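Participant: everything below, folded, please.
(one chain, ligands or ions: 1)
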Amino acid sequence: MSRLVRDVLVEAPTVAPTARGEDVYELFSHDDDLLVVAVVDNRHPVGLVTRDQFFLRMADRHGRALFSKRPITFLMNKEPLIVEASTPVEALNARIVRDRPSALMEGFVAVRQGEFVGVGTSLELFTAMARESEERNHKLSALAEQLGRARIEALAASKAKSDFLATMSHEIRTPLNGVLGIAQLLTATDLDEEQTEFVRVIDDSGQILLRLLNDILDLSKIEAGKMDLDIHPFNPKQLAQDAQTLWQGRAREKGITFTIEVSGAEGREFKGDPVRLKQILFNLIGNAIKFTDQGMVDVSMVFHDIGRKRSVMRIEVRDSGCGIPLSAQERMFTAFTQADAETTRRHGGSGLGLAICKRLVDLMGGTIGFRSVENEGSTFWFEVPLKVYFGEQTAGSTEDIAHEEETAVTTTRVLVAEDNPVNQAVAKGFLKLKGLTADYVENGKLALEAVQARSYDLILMDMEMPVMDGIAATQAIRALTSEAATIPIIALTANALSGAAERCIAAGMSSHVSKPVERDALFSAIDAALAMDRRENRKVA
Ligand code: ADP
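Facilitator: Prediction:
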């Protein structure tokens, strides 16, 4: 709290204008601490006498003779600094420093509506100011301590939140895996029209739930600083091709044109995180198609080189859709925000897509933005810096794996290590569809024992199992000295866990398929694993 002038006044006697020099001499000589005496006429201040000035004058030649018998008005400062008693000390100080530095030596008079209240000295002012700044420092350090504590609590809360989300999403993913897997299996059975429709609804709803789960998890991972980019060379033409393949069907269904153009890439590869770039691009294209009922969605992917080694990739997604009202435009990249409740209800979505895109682009050191005119269309764009990749092109060694003789497949022995009965049932269903039978064990330790007791051609290995998890089991199998050490192992990963795929490969697994398992992804992983040269697996171990 700030002090007022009236709080810092000093105890000092006052004298009338008629008092003589010798009276004041008396006052000063009796009290060594007395610095000022105010001259007050009928409650109105008329002047101020300061100790040193007074003694200087008195000590002059003839000083005493001249002033002793004269009224004090001959000796006083007739224009002292006069301030209202309710002025804050800080304001008075500022005023003295700015306008009346002389008051530092002379002191000042405090009044209330023109009537004398008391006198003050700069010594008192400084003491008050010093006390005030000391109190302020105290408060500041208490505040800093509070802030520090609040920050620690917030970090702990945020960590708890992301741990909770990671756990929950894993827990939800397992039954969802069951629902989606069985729905896919059902479509392969004999269904009438109504049943087919029911299964389609199950699958659609499951996919929406899965997307939501992935979005929430992505967002929480980014916010917890746990999202790492996986940088490696990629081909922009391939990115464009993938987008074209995925989205042209949906665009055609809606009767809108959909084009993608790449320029400035000149057949080069660039280093970036293609999975995350695809996620951003697909999100923007998905929105553009979702919010456009007629006309077009055009995508351009342009590379601007900065020197020889670096380039900026700018992607623009233009649509002739409903556009975004001005009122909603500034909240576009905030989580759970949607421009218009009505259209969104019609189109679905969680309002997380753009928030994730923004955070991913930030993570890549880029920028994202948009311009939009309601009822005319929108252009969403983003730019990210990328390094040009100069390494040798790796020759595609995966092309010759497709045609393996059927007989090999029918005699193939597969081991599935999976503790969850739902996931086991799903795996069994898929393997049966592919004409394979398998043995089932429910933890890594049993898998290790099984491969030593019988010979297998392939293992599907869950990551998280009791007793011994998938990573430990794989490492133990790869460390065997028998032929079993080279069995191809496909990891079944809940992609909820960050870096799961990398850890599988590092442990010596041959490839990984993420849950919920997609039929085509599993089948091609199985084909590739069975076609590979088993000696390759030994190298990794
Ligand atoms: P979602 O689409 O999952 O709801 P997004 O964060 O991707 O979440 O988008 C948030 C909102 O931004 C959408 O609900 C929509 O209102 C608006 N929006 C995004 N892209 C477009 C677009 N191309 N045209 C019109 N509105 C858009």
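
Participant: so how far is residue 50 from the spatially most central residue of the chain?
Facilitator: When Cα atoms, centre = their mean is applied to the chain, the residue found nearest the centroid is residue 223 (3.8 Å). Per Cβ to Cβ, to the nearest Å, residue 223 is found 65 Å from residue 50. Where C-beta positions appear, they are placed from N, C-alpha and C, glycine not excepted.

Participant: one more: residue 449?
Facilitator: Taking Cβ to Cβ, one finds residue 449 at 102 Å from residue 50.

Participant: which one's more surrounded, those two?
Facilitator: Set residue 449 next to residue 50 and count neighbours by other Cβ atoms under 10 Å: residue 50 wins out with 20 against 11.

Participant: so how far is stretch 180-196 off the chain centroid?
Facilitator: 41 Å (Cα atoms, centre = their mean, to the nearest Å).

Participant: buried ones in it?
Facilitator: Within stretch 180-196, the residues scored as buried using 16 or more other Cβ atoms under 10 Å are 180-186.

Participant: what does stretch 453-461 give?
Facilitator: Quick answer for stretch 453-461 (16+ other Cβ under 10 Å): 456-461.

Participant: got JSON lines for the residues you listed, with pLDDT, distance to residue 470 and secondary structure too?
Facilitator: Shown next, in JSON lines, are the buried residues of stretch 453-461 (pLDDT from 0 to 100; distance: Cβ to Cβ, whole Å; DSSP: H, G, I helix; E, B strand; the rest coil):
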{"residue": "456", "pLDDT": "91", "distance to residue 470": "15", "secondary structure": "coil"}
{"residue": "457", "pLDDT": "90", "distance to residue 470": "18", "secondary structure": "coil"}
{"residue": "458", "pLDDT": "94", "distance to residue 470": "14", "secondary structure": "strand"}
{"residue": "459", "pLDDT": "95", "distance to residue 470": "9", "secondary structure": "strand"}
{"residue": "460", "pLDDT": "95", "distance to residue 470": "10", "secondary structure": "strand"}
{"residue": "461", "pLDDT": "94", "distance to residue 470": "4", "secondary structure": "strand"}
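
Participant: out of those residues, which comes closest to residue 190?
Facilitator: Closest approach to residue 190 among the buried residues of stretch 453-461 (Cβ to Cβ): residue 460, at 27.0 Å.

Participant: how many neighbours does the nearest residue to the closest one once chain neighbours are set aside have?
Facilitator: Excluding the flanking residues, the one nearest residue 460 by Cβ to Cβ, 6 or more residues apart in numbering is residue 416, at 4.7 Å. For residue 416, the number of neighbouring residues by other Cβ under 10 Å comes to 22.

Participant: could you do residue 104 as well?
Facilitator: Neighbour number of residue 104 under other Cβ under 10 Å is 17.

Participant: check residue 16 too.
Facilitator: 14.

Participant: may I have the secondary structure class of the residue of the stretch 51-200 of the chain found nearest the ligand?
Facilitator: For the stretch 51-200 of the chain and the ligand, the shortest gap (Cβ to the nearest ligand atom) falls at residue 169, measuring 17.3 Å. Assigned with DSSP: H, G, I helix; E, B strand; the rest coil, residue 169 falls in the helix class.

Participant: so it is in contact with residue 213, correct?
Facilitator: Yes - applying Cβ atoms under 8 Å as the test, residue 169 and residue 213 come out as touching, 5.1 Å apart.

Participant: what sits against the nearest residue to residue 127 once chain neighbours are set aside?
Facilitator: Spatial nearest neighbour of residue 127, excluding adjacent residues (Cβ to Cβ, 6+ apart): residue 8 at 7.6 Å. By Cβ atoms under 8 Å, 6 or more residues apart in numbering, the contact set of residue 8 is 89, 120, 124-125, 127-128.

Participant: if you set the cut-off to 10 Å instead, what comes out?
Facilitator: Listed by Cβ atoms under 10 Å, 6 or more residues apart in numbering, the contact set of residue 8 reads 89, 92, 110, 118, 120-121, 123-129, 131.

Participant: got these as TSV, with secondary structure columns?
Facilitator: TSV is the format used below for the contacts of residue 8 (three-state DSSP):
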residue	secondary structure
89	helix
92	helix
110	strand
118	strand
120	strand
121	coil
123	helix
124	helix
125	helix
126	helix
127	helix
128	helix
129	helix
131	helix
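
Participant: between the residues you listed, which is closest to residue 71?
Facilitator: residue 118 (22.4 Å).

Participant: picking that back up, quick one: the residue of the stretch 51-200 of the chain closest to the ligand and residue 216 touch, right?
Facilitator: Yes - in terms of Cβ atoms under 10 Å, residue 169 counts as a neighbour of residue 216; the distance is 6.8 Å.

Participant: give me the more crowded residue out of those two.
Facilitator: Applying other Cβ under 10 Å to residue 169 and residue 216 shows that residue 169 carries more neighbours, namely 21 against 18.

Participant: show the pLDDT at that one.
Facilitator: On pLDDT, residue 169 comes in at 77.

Participant: contacting residues around the helix or strand harbouring residue 24?
Facilitator: Taking DSSP states H and E as the definition, one finds residue 24 inside helix 21-30. Helix 21-30 is contacted from outside by 12-13, 15-16, 19-20, 34-37, 39, 49-52, 54-55, 57-58, 63-64, 66-72, 74-76, using Cβ under 10 Å, 6+ apart.

Participant: and for stretch 94-107?
Facilitator: The contact list for stretch 94-107, computed with Cβ under 10 Å, 6+ apart, reads 10, 12, 35-38, 48-53, 77, 79-81, 83, 87-88, 92-93, 108, 119-126.

Participant: and the helix or strand where residue 525 lies, how far from the chain's centre?
Facilitator: In the assignment (DSSP H and E), residue 525 maps to helix 519-531. Distance of helix 519-531 from the chain centroid (Cα atoms, centre = their mean) equals 37 Å.

Participant: report the buried residues of that helix.
Facilitator: In helix 519-531, counting by 16+ other Cβ under 10 Å, buried: 519, 522, 524-530.

Participant: out of the contacts of helix 21-30, which are inside strands?
Facilitator: 15, 36-37, 39, 49-50 (DSSP state E).

Participant: ok, and of those, which contact the ligand?
Facilitator: Of the residues in the ones in strands among the contacts of helix 21-30, proximity to the ligand by Cβ under 6 Å from any ligand atom holds for none.
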